[in-house]
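K.L.:
Pasting the sequence and the predicted model now:
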Amino acid sequence: MGLFNFLSTSGNIKTLNANEFKKIIADPKVQLVDVRTLDEYASGTIGQAIQIDITSPDFIKNARKKLDKSRPVAVFCRSGVRSMRAAQMLTKEGFPVIYNLKGGILAWK
């Protein structure tokens with residue numbers, strides 16, 4: 001893991017603070033995903049995030065459609081709880097590297 005040894009890690013899920021998350025999402029290979037609802041997304045998001053609502057029963061189906069399994073995924077929500085659940089679901093789906101924003105968009109602002 002090198003540089004990020006000090007981060008909270010759960011399998012292939014790495015929880016990053018806002019500064020670390022900002023560095024990770026600067027990499028064009030990283031897919032940025034806002035897992036909040038469409039209304040929350042419409043109120044403002046981070047960069048060019050893809051919106052995939054974790055509360056939707058079609059979350060995994062939509063993730064399969066919109067995301068590339070061969071590339072890292074960075075997820076966030078309002079506070080970090082829903083995004084961690086999304087990260088766990090994506091892990092089970094076979095996504096190899098997932099970054100979760102600790103504290104969600106609230107920590108980002």
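P.N.:
Received it, and whenever you're ready, just let me know what you need. Predicted model only: the values in this text are computed from it and were never measured. Residues are numbered from 1 along each chain as shown.

K.L.:
Need the residue closest to the centroid of the protein.
P.N.:
Most central in the chain under Cα atoms, centre = their mean is residue 75, positioned 0.8 Å from the mean C-alpha point.

K.L.:
what pLDDT, on average, does the helix or strand that residue falls within get?
P.N.:
Assessed by DSSP states H and E, residue 75 sits inside strand 73-76. Taken as a whole, strand 73-76 has a mean pLDDT of 98.

K.L.:
Extract the C-alpha set from the following helix or strand past it and format it as CSV.
P.N.:
Beyond strand 73-76 on the C-terminal side, the first helix or strand identified by DSSP H and E is helix 81-92. Only the C-alpha atoms of helix 81-92 are listed here, as CSV (Å, rounded to 0.1, in the frame of the first residue of the first chain):
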residue,chain,number,x,y,z
VAL,A,81,-22.4,5.8,5.7
ARG,A,82,-24.3,5.1,2.4
SER,A,83,-21.0,5.3,0.4
MET,A,84,-19.4,2.6,2.7
ARG,A,85,-22.5,0.4,2.0
ALA,A,86,-22.1,1.1,-1.7
ALA,A,87,-18.4,0.3,-1.5
GLN,A,88,-19.1,-3.1,0.2
MET,A,89,-21.7,-3.9,-2.5
LEU,A,90,-19.2,-3.0,-5.2
THR,A,91,-16.6,-5.2,-3.6
LYS,A,92,-19.0,-8.2,-3.6
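
K.L.:
Tell me the helix or strand right after helix 81-92.
P.N.:
strand 98-101.

K.L.:
In that following strand, which residues are buried?
P.N.:
Within strand 98-101, the residues that count as buried by 16 or more other Cβ atoms under 10 Å are 98, 99, 100, 101. Placement of C-beta: from N, CA and C, glycine included.

K.L.:
Thanks a lot, catch you later.
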